[in-house]
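A.B. asks: Mind folding the following:
(one chain, ligands or ions: 1)
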Amino acid sequence: MTSTSIHGMWSSRLAFILAATGSAVGLGNIWRFPYVAGQNGGGAFVLVYVLCVALIGVPIMIAEIMLGRRGRQSPINTMRALASAQGASSAWQLLGWMGILAGFLILSFYSVVAGWTLAYIFRAAGGGFTGLDAEQSNAIFLALVADPERLLAWHTIFMGMVMMVVARGVASGLEQAVRFLMPALFLLLLVMVVYAAQAGDFQAGLSYLFKPDFGQLLEGGGDAILSAMGQAFFSLSLGMGAIMIYGSYLSSQASISQNVAIIAVMDTLVALLAGLAIFPIVFAYGLEPGEGPGLIFHTLPVAFGQMPGGQFFGLLFFVLLMFAAWTSAISLLEPIVAWLVEHRSISRVRAAVWAGVTVWLLGIACLLSLNVWSGLTLFDKGILDLFDYVTANVLLPLGGLLIAIFAGWVLKTTVSRDELGATNGQLLYQLWRLLVRFIAPAAVVLVFLNAIGLI
Ligand code: TRP
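C.D. replies: Purely as a prediction, here's the structure:
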């Protein structure tokens with residue numbers, strides 16, 4: 001196996017951390033986490049989510065990066081090469097195929113939601129939030145999602161932005177963007193938490209997020225636990241090969257476990273900060289925490305409309321959210337494009353266009369499901385909600401489970417030790433082995449069984 005990737009390499013260890021954090025931190029933290037936490041009753045959900053990040057997410061992220069760096073190809077070809085090197089079945093490449101499917105589905109709705117963010121940038125810039133009350137804010141959001149043409153325009157622009165970066169190669173464009181973006185987003189979230197603490201019902205928000213009410217969790221019949229696990233996978237970009245391909249561009253010298261610790265902590269912090277910025281406002285204005293995917297688009301404009309300098313902060317917030325979504329979306333397209341380049345020997349530009357246009361078409365189905373096709377539902381969910389639910393709660397955990405099994409049971413310990421720079425007796429290595437072989441796979445399986453009502 002080669003020690004560099006044909007698709008390029010990160011220029012430094014910091015570049016990898018920035019890119020992987022850029023992938024992890026996105027709409028998942030700021031849009032998805034608050035709305036899913038709100039739908040599942042808050043505190044207990046948050047606790048299970050954090051546990052899933054630590055016990056399932058972290059070991060699987062280590063495994064996923066390790067496999068990517070060892071294979072140095074797109075997830076499909078990496079899994080094929082690694083399986084054959086271990087003398088295991090070539091069926092392991094199915095893991096890569098599942099990731100491609102998940103990537104298409106996630107990016108299609110992700111781009112539509114990123115489009116909402118673009119629309120809100122312009123609204124914020126034009127002073128459209130000034131003096132809004134909760135009802136007016138809701139009306140603005142509902143008018144946006146009811147309008148397929150506007151949704152299509154923003155979705156198209158966003159996919160164009162994603163294709164542009166991926167066509168040029170992620171290593172070149174991404175590093176610069178994330179370097180200033182991440183600190184800025186972090187600071188702005190802090191500003192908003194401070195505002196929420198002063199103007200919102202901070203006490204109510206705090207206890208909603210951090211005081212577990214296990215009755216709420218059990219009421220959902222296992223769905224809340226499944227959603228917490230799904231949120232952990234979604235937020236950490238795990239289980240579909242995005243982190244695997246980013247790992248394949250990482251130098252062999254860098255320490256995987258250290259990097260993963262940093263990425264996981266940052267990602268979780270951003271989600272919790274977003275929750276702390278949003279729920280105090282939700283309670284102060286008597287809004288409904290479980291209202292669903294519109295939550296932040298309904299809540300935050302009210303806060304920006306009231307806060308001093310709100311026009312500026314509102315604009316800044318949606319611009320930063322757009323960047324965060326962009327750096328995440330890039331990582332969703334990259335594994336597909338890398339595979340097309342390897343498999344069809346076409347140029348990166350053509351591969352990005354083909355993959356991007358396919359996602360764009362799927363995205364149209366998602367955006368129509370919000371209006372024209374709203375009657376079309378399966379399990380009570382429209383296309384967008386269904387893609388969101390099925391990818392996060394089924395495909396990603398399943399992908400993660402297979403990654404854990406492969407890294408823990410199939411991959412030779414000489415390989416994993418080499419990749420982690422560990423000796424066999426080293427405590428941290430043994431801890432990772434324990435988590436990736438037993439705890440994480442067992443947890444995923446138990447949560448699945450619980451969700452379908454078998455336990
Ligand atoms: N983690 C990103 C977010 O929170 C979304 C994302 C990017 C993703 N790449 C992924 C989710 C791969 C699952 C798999 O917004």
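
A.B. asks: from the chain's centre, how far out does the lowest-mean-pLDDT helix or strand in the chain sit?
C.D. replies: Each helix and strand of the chain was given a mean pLDDT (mean pLDDT, DSSP states H and E); the minimum falls on helix 214-219 at a mean of 78. Chain-centre distance of helix 214-219: 25 Å, with CA atoms, centre = their mean, to the nearest Å.

A.B. asks: Please enumerate residues in contact with that helix?
C.D. replies: Helix 214-219 is touched from outside by N40, G41, G42, G43, A44, F45, V48, A224, I225, with contacts defined as CB atoms under 8 Å, 6 or more residues apart in numbering. Backbone N, C-alpha and C define where each C-beta goes, glycine included.

A.B. asks: wait, doesn't the fourth one sit right on L209?
C.D. replies: Yes - counting by CB atoms under 8 Å, G43 sits close enough to L209 to count as a contact (6.2 Å).

A.B. asks: Settle it for me: which of these two has more neighbours?
C.D. replies: Just comparing G43 and L209: by other CB atoms under 10 Å the higher neighbour count belongs to L209, 23 against 20.

A.B. asks: Identify the residues contacting that one.
C.D. replies: If you count contacts by CB under 8 Å, 6+ apart, L209 has them with A37, G42, G43, V46, L272, G275, L276, F279.

A.B. asks: end to end, how far does stretch 395-414 reach?
C.D. replies: The separation between the terminal residues of stretch 395-414, taken as CA to CA, to the nearest Å, is 30 Å.

A.B. asks: And for stretch 217-228?
C.D. replies: Distance between the boundary residues of stretch 217-228 (CA to CA) amounts to 10 Å.

A.B. asks: Can you list the buried residues in it?
C.D. replies: Residues L217, G220, G222, D223, A224, I225, L226, S227, A228 are the ones in stretch 217-228 that count as buried (16 or more other CB atoms under 10 Å).

A.B. asks: Quick check: helices, which of these are part of them?
C.D. replies: With helices defined by DSSP state H, the entries of the buried residues of stretch 217-228 inside them are L217, D223, A224, I225, L226, S227, A228.

A.B. asks: Would you tell me which residues of the stretch 351-455 of the chain are close to the ligand?
C.D. replies: L396 (CB under 6 Å from any ligand atom).

A.B. asks: residue of the stretch 51-200 of the chain with the smallest distance to the ligand?
C.D. replies: The ligand sits closest to I106 of the stretch 51-200 of the chain, with a gap of 5.6 Å, by CB to the nearest ligand atom.

A.B. asks: now do the chain
C.D. replies: Proximity to the ligand, evaluated over the chain using CB to the nearest ligand atom, is greatest for G28 at 2.0 Å.

A.B. asks: Counting neighbours, what do you get for that residue?
C.D. replies: Around G28 there are 28 other residues, counting by other CB under 10 Å.

A.B. asks: quick one: contacts for it?
C.D. replies: With CB under 8 Å, 6+ apart as the criterion, the residues that contact G28 are Q231, F234, S235, S237, A271, S328.

A.B. asks: Most widely separated two among the residues you listed?
C.D. replies: The most widely separated members of the contacts of G28, counting by CB to CB, are Q231 and S328 (14.3 Å).

A.B. asks: residue boundaries of the strands in the stretch 201-350 of the chain?
C.D. replies: Counting by DSSP state E, counting those that start in this stretch, the stretch 201-350 of the chain has no strands at all.

A.B. asks: ranges for the helices of the stretch 51-200 of the chain?
C.D. replies: Per DSSP state H, counting those that start in this stretch, the stretch 51-200 of the chain carries helices over the ranges 58-71, 75-85, 94-125, 134-145, 148-168, 170-199.

A.B. asks: dump the residue contacts of F45.
C.D. replies: By CB under 8 Å, 6+ apart, the contact list for F45 reads V36, A37, Q216, L217, A224, S227, A228.

A.B. asks: Buried residues, the helix or strand harbouring it. List them.
C.D. replies: When secondary structure is defined using DSSP states H and E, the element that contains F45 is helix 43-52. If you call a residue buried by 16+ other CB under 10 Å, then helix 43-52 has these buried ones: G43, A44, F45, V46, L47, V48, Y49, V50, C52.

A.B. asks: Using JSON lines, lay out those together with distance to L101 and pLDDT.
C.D. replies: Rendered in JSON lines, the data for the buried residues of helix 43-52 read as follows (distance: CB to CB, whole Å; pLDDT from 0 to 100):
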{"residue": "G43", "distance to L101": "34", "pLDDT": "93"}
{"residue": "A44", "distance to L101": "31", "pLDDT": "93"}
{"residue": "F45", "distance to L101": "27", "pLDDT": "95"}
{"residue": "V46", "distance to L101": "29", "pLDDT": "97"}
{"residue": "L47", "distance to L101": "31", "pLDDT": "97"}
{"residue": "V48", "distance to L101": "27", "pLDDT": "96"}
{"residue": "Y49", "distance to L101": "25", "pLDDT": "97"}
{"residue": "V50", "distance to L101": "28", "pLDDT": "98"}
{"residue": "C52", "distance to L101": "23", "pLDDT": "98"}
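
A.B. asks: Also within reach of the ligand: list those from the residues you listed.
C.D. replies: Subset of the buried residues of helix 43-52 in contact with the ligand: empty, counting by CB under 6 Å from any ligand atom.

A.B. asks: for those, which one is nearest I6?
C.D. replies: Minimum distance to I6 across the buried residues of helix 43-52 is 34.6 Å, recorded for C52 (CB to CB).

A.B. asks: Report the contact partners of that closest one.
C.D. replies: C52 sits next to A228, M229, Q231, A232, F233, A443 when contact means CB under 8 Å, 6+ apart.

A.B. asks: Please report which of the residues you listed has the highest neighbour count.
C.D. replies: Neighbours here mean other CB under 10 Å. Within the contacts of C52, the largest count is held by A232, at 33 neighbours.

A.B. asks: Quick check: the nearest residue to that one once chain neighbours are set aside vs M164, distance?
C.D. replies: Counting by CB to CB, 6 or more residues apart in numbering, C52 is the residue found nearest to A232 once chain neighbours are left out, at 3.8 Å. Here the distance between C52 and M164 works out to 34 Å (CB to CB, to the nearest Å).

A.B. asks: for F313, same thing?
C.D. replies: Counting by CB to CB - F313 and M164 are separated by 28 Å.

A.B. asks: and what of V445?
C.D. replies: In this structure, V445 and M164 are 41 Å apart, going by CB to CB.

A.B. asks: go on, D147?
C.D. replies: Shown here: D147 relative to M164, a distance of 25 Å by CB to CB.

A.B. asks: Return the residues of the stretch 51-200 of the chain in contact with the ligand.
C.D. replies: In this structure, the stretch 51-200 of the chain approaches the ligand at residues I106, judged by CB under 6 Å from any ligand atom.
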